[in-house]
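Visitor: any chance you can model this:
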Amino acid sequence: MAAFAPLDVALLPVAGWGKKMGPGHLDPQRAAAALALLRPQMAVPIHWGTYRAGRGDSSAPAEAFARAAAQLAPEVRVEILPVAGTLALG
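Guide: Residues are numbered from 1 along each chain as shown. Below you'll find the predicted structure:
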């Protein structure tokens, strides 16, 4: 990941949709740790709510990522978008 740094924006998957995630998937903590390698100006957590619709904890993975990012990479701005949300850049 460090070979891609620095980035303007990093879109980081922070949750899976099955009962368990495979070794290549990032949970909120691992995604936040990736910020140190990628060094983006902004990070947007993705894949956290699509299959969680209707559950009370639907934003929990994105919020856990934001908390971990604040600890591990406080210089990175985190933008949590609603499911199917958009973000204007530039």
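
Visitor: the helix ranked longest in the chain - contacts with which helices or strands?
Guide: Ranked by residue count under DSSP state H, the longest helix found in the chain is helix 60-72. Judged by 3 or more CB pairs under 8 Å, 6 or more residues apart in numbering; DSSP states H and E, helix 60-72 is in contact with helix 28-38, strand 40-46, strand 77-78. C-betas here are computed from N, CA, C, even on glycine.

Visitor: out of those, which is closest to Q71?
Guide: helix 28-38 (7.4 Å; CB to CB).

Visitor: before we move on, the earlier item: quick one: closest of the helices and strands packed on helix 60-72 to L89.
Guide: strand 40-46 (8.3 Å).

Visitor: quickly run through the sheet partners of the closest one, with directions.
Guide: strand 7-13 (parallel), strand 77-78 (parallel) (DSSP bridges).

Visitor: mind putting those in CSV, mean pLDDT, distance to L35 and mean neighbour count included?
Guide: Below are the strands paired with strand 40-46 laid out as CSV (pLDDT from 0 to 100; distance: least, CB to CB, whole Å; neighbours: other CB atoms under 10 Å):
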stretch, mean pLDDT, distance to L35, mean neighbour count
strand 7-13, 94, 7, 17
strand 77-78, 97, 9, 18
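
Visitor: Serialize the ones you listed to TSV and add fields for distance to S58.
Guide: Listed next are those as TSV, based on distance: least, CB to CB, whole Å:
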stretch	distance to S58
strand 7-13	16
strand 77-78	17
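
Visitor: all good on my end, thank you.
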